[in-house]
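[1] Sequence plus predicted model, see below.
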Amino acid sequence: MAEKELFQDDAQPVRRRRKKRCYATAYAPADDPSAHGSKSAFELLTAIGVFSSCRLPFLIRNAEYFLDLSYKTLGHGITNAVMKHTFFRHFCAGEDRHDMKPNNIGPILDYAAENDCADSSESAAGLQGIFSQPPFNQPARVYDYKSEEECDRHVSIFQECIHSVHDVSPVGFAALKVTALGNPELLERMSTMIVEVKNLFAKFQPENGSGGLISREEFAQCYRQHFHVGADHLEAVIESLDPNDTGVVDFISFAEMLTPYNLPSFTFKCKSTGPLARVTPSSDEIVLMKRMSERLHTLAADAALNGTRLLIDAEHQKYQPAIDNLVVELQKKFNAKDKTDRPIIFNTYQCYLKDTLERVEMDLKRSERYSFHLGAKLVRGAYMEHERERSKNLQYPCPIHDTAEDTHQCYDEVVEYLMRYRWQNGSGTEIMVASHNQASIEKAVVLMNQLGLQPQDPNVYFAQLFGMRDNLSFPLGSQGYNVFKYLPYGKVEEVMPYLLRRAAENSAVLGDSVSELDMLKEALYKRIIGR
């Protein structure tokens, strides 16, 4: 295919590189109905019916009500049968691994059964928030915590998912939610601890300091101000933070020392009860945190043994610092460069958050410090309404970008930053561009071509949700790019909340000038007339 110029001025390079560029790419046009050529006539009709329903605002806004009404009047059997052959058939891969059919698109398997969040503020926003402004292509859910035994049961479910990936495809991923493996309230507590450790380090830094570095002398002075310590203890702390005698202490070492697990051994020396001392965990909480970590390590070990990679999904911002901390633990062990030549564990970064690029930069520094491969899945985000409502209610600065344009720019900047890092540092870092945004995908493809990152090499992956944006997925796959579909599965009634969310998201996606619905109709028309 001859190269085709797609756009000139809307690329958003990584920070400090704002020069406008003219791009060209051989990427196939995304409005080609042939992308749906593999679908049967019945599948095309089903997809048209599903997408047409998604364009009815009244139906979408009241989907949960109509579903409950159908259960009451027609019964669960009939309702679930109708859903199974319509919305479920289109948006889910099946009820179990035996229903899944491998193809040339890689699978990301996700057991999609959900429970409502126990958080009262989440319940208040509920589906109203989801339907009023659909999420940015990241499957959004939070598991309700019932018991430690229930968390152990979730481990078994995720293990089954890992084994299913192994059976379905040798190159697949399994997705999991950390909130399924422990009490979400405990995750929130852990996140608060991690944030307060960061705030304490910021207090240690001099006003004219930069780069997250503090001299040994400045650190010692600030440490004495906050903690009751002897000379021997202080010297041991500084030596552990600066083992190579560089003369400076950085945040990565400081955070490594003050983990939630060992925080009590430091805060009992505090001279006053400050924010960090107030969030110090109890011994019982530490036991639960370690059990949550052990569940994650069990799943990571199982994935490594089966040759399956794990995508750790992003969640509410109140949980995310703890999730990031747990993922780094996994990456140190299972992505270690002396054990594997590619990442097994991928973290997810939501680019609607204002600090995303900063977090990616920090994690790359950690990967260099501790010699592990970074696996990064990039999404725009899934909890926008919740985050904005929560920041408003609790009166703290909203972590979400102010406009959609800012989010798009952040997404493209992070993609470019990681690709250029991969190009400069060789193999190891892997990036998943999980997006339904055609412009972002085109920019990523163009940049790959410019940097010489080969489509078939395990460096950049593209991903879309099952049942959505096949017009992006299949042209990419046909040209040799690594393309994956997020394949939710589970019993029909268990995945109903997921189906409601997909219907809501499609109500926005189908507003595109060249919608997938139009292409489905054209593909069906050509099928009927025999072209």
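    Everything's here; your move.
[2] State the number of residues packed around Met193.
    Neighbour count of Met193, defined by other Cβ atoms under 10 Å: 27. Yep, even glycine has a C-beta here, placed from its N, CA and C like the rest.
[3] again, but for Tyr396
    So Tyr396, with other Cβ under 10 Å, has 9 neighbours.
[4] so what's the backbone phi/psi at it?
    Note on Tyr396: backbone dihedrals following degrees, to the nearest 10 are phi -130, psi 160.
[5] Helices of the stretch 51-200 of the chain, residue ranges please.
    In the stretch 51-200 of the chain, the helices defined using DSSP state H, counting those that start in this stretch lie at 57-61, 63-84, 87-91, 120-132, 148-168, 184-204.
[6] what about Ala81, how many neighbours?
    Using other Cβ under 10 Å: Ala81 sits among 14 other residues.
[7] To clarify, my last question referred to Ile312.
    24.
[8] Would you agree it is in contact with Ala180?
    No: contact criterion Cβ atoms under 8 Å: Ile312 and Ala180 do not qualify, at 11.1 Å.
[9] Any stretches of this protein with poor pLDDT?
    1-38, 97-104, 112-145, 207-211, 498, 501-515, 530-531 (pLDDT under 70).
[10] So what touches the longest helix belonging to it?
    What stands out as the longest helix in the chain, according to DSSP state H, is helix 283-306. Here helix 283-306 makes contact (Cβ atoms under 8 Å, 6 or more residues apart in numbering) with 148, 151-152, 154-155, 158-159, 162-163, 165-166, 174, 176, 178, 181-183, 186-187, 189-190, 260-261, 264, 281, 309-310, 326, 329-330, 333-334, 340, 344-345.
[11] tilt between it and helix 184-204?
    Helix 283-306 runs at 100 degrees relative to helix 184-204, counting by axes from the mean of the first three to the mean of the last three Cα atoms, to 10 degrees.
[12] Which of the helices of the stretch 51-200 of the chain sits closest to Glu416?
    The closest of these to Glu416 is helix 184-204. By Cβ to Cβ, the value is 26.2 Å.
[13] counting contacts, what elements does that closest one pack onto?
    Applying 3 or more Cβ pairs under 8 Å, 6 or more residues apart in numbering; DSSP states H and E, we find helix 184-204 packed against helix 216-226, helix 251-257, helix 275-278, helix 283-306, helix 320-334.
[14] who touches the biggest strand by length in the chain?
    Assignment by DSSP state E gives strand 482-489 as the longest strand of the chain. With contacts defined as Cβ under 8 Å, 6+ apart, strand 482-489 is touched by 91-97, 99-100, 105-112, 139, 172-173, 175, 432, 434, 455-456, 458, 460-466, 473-474, 476-477, 495, 498.
[15] how about a cut-off of 7 Å?
    91-96, 100, 105-112, 139, 173, 458, 460-466, 473, 476-477, 495, 498 (Cβ atoms under 7 Å, 6 or more residues apart in numbering).
[16] for stretch 416-435, same thing?
    Here stretch 416-435 makes contact (Cβ under 7 Å, 6+ apart) with 13-14, 137, 337, 341-343, 346, 357, 360, 364, 373-380, 415, 441, 444, 447-448, 451, 453, 458-463.
[17] Select only the buried ones of the contacts of strand 482-489 in ChimeraX?
    Typed into ChimeraX, the line below selects the buried ones among these, using 16 or more other Cβ atoms under 10 Å:
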select :91,92,93,94,95,100,105,106,107,108,109,110,111,112,139,173,460,461,462,463,464,465,466,473,476,477,495,498
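[18] List the ones among the contacts of strand 482-489 that fall in strands.
    Per DSSP E, the contacts of strand 482-489 map to strands at 106-111, 173, 460-465.
[19] Looking at those, which two lie furthest apart in space?
    Tyr111 and Val460 (26.5 Å).
[20] if I look at the closest residue to Leu487 other than its chain neighbours, how far off is Ala47?
    Spatially, and ignoring its direct neighbours in sequence, Leu487 is nearest to Ala93 (3.7 Å; Cβ to Cβ, 6 or more residues apart in numbering). Distance from Ala93 to Ala47, counting by Cβ to Cβ, to the nearest Å: 15 Å.
[21] Give me the contacts around stretch 232-252.
    So stretch 232-252 is contacted by 201, 212-216, 219-220, 223, 253-254, 257, 365-366, 369 (Cβ under 7 Å, 6+ apart).
[22] And the helices in the stretch 351-500 of the chain?
    Counting by DSSP H, counting those that start in this stretch, the helices of the stretch 351-500 of the chain are 356-370, 384-394, 404-425, 438-451, 470-478, 496-509.
[23] Any idea what Tyr461 is bridged to?
    Under the criterion DSSP bridges, Tyr461 forms beta bridges with Met432, Asn482.
[24] So how do I select the buried members of the contacts of stretch 416-435 in ChimeraX?
    Buried members of these, defined by 16+ other Cβ under 10 Å, are picked up in ChimeraX with:
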select :13,14,137,343,346,357,360,364,373,374,375,376,377,378,379,380,415,441,444,447,448,451,453,459,460,461,462,463
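[25] about what we covered before: could you dump the helices and strands packed on helix 184-204 into CSV with distance to Tyr489 added?
    Listed next are the helices and strands packed on helix 184-204 as CSV, based on distance: least, Cβ to Cβ, whole Å:
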stretch, distance to Tyr489
helix 216-226, 51
helix 251-257, 37
helix 275-278, 43
helix 283-306, 17
helix 320-334, 23
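[26] before we move on, the earlier item: tell me the buried residues in the longest helix of the chain?
    285-286, 288-289, 292-293, 295-296, 299-300, 302-304, 306.
[27] Now do the SS call for the residue nearest the centre of the chain.
    In the chain, the centroid-proximal residue (Cα atoms, centre = their mean) is Thr348; its distance is 3.1 Å. In three-state terms, and counting by DSSP: H, G, I helix; E, B strand; the rest coil, Thr348 is strand.
[28] is it true that it touches Val379?
    Yes: applying Cβ atoms under 7 Å, one finds Thr348 in contact with Val379, separated by 6.2 Å.
[29] what do these two both touch?
    When contacts are counted by Cβ under 7 Å, 6+ apart, Thr348 and Val379 are jointly contacted by Ala314.
[30] Quick check on the contacts of helix 283-306: which are buried?
    For the contacts of helix 283-306, a burial check counting by 16+ other Cβ under 10 Å picks out 151, 154-155, 158-159, 162-163, 165-166, 174, 176, 178, 181-183, 186-187, 189-190, 260, 281, 309-310, 326, 329-330, 333-334, 344-345.
[31] since we're on the nearest residue to Tyr411 once chain neighbours are set aside, how many residues are nearby?
    Nearest non-adjacent residue to Tyr411, counting by Cβ to Cβ, 6+ apart: Cys351, 4.1 Å away. For Cys351, the count of nearby residues is 27 (other Cβ under 10 Å).
[32] Same question for the one 10 residues further on.
    Around Glu361 sit 15 other residues, with neighbours defined as other Cβ under 10 Å.
[33] From here on, call the first residue 617.
    Got it, the first residue is 617 from now on, which makes the last one we talked about Glu977.
[34] Tyr965 versus the closest residue in space to it that isn't next to it in sequence, what's the distance?
    Residue nearest to Glu977 in three dimensions, not counting chain neighbours: Tyr1033, with 7.5 Å by Cβ to Cβ, 6+ apart. Remark: distance between Tyr1033 and Tyr965 (Cβ to Cβ) = 11 Å.
[35] For those two, work out which one has more neighbours and name it.
    Tyr965 (25 against 20).
[36] quick one, what contacts that one?
    Counted by Cβ under 7 Å, 6+ apart, Tyr965 has contacts 930, 972, 975-976, 992, 994, 1030.
[37] So which of those is the closest to Glu1003?
    Nearest to Glu1003 out of the contacts of Tyr965 is Ala930 (Cβ to Cβ; 11.5 Å).
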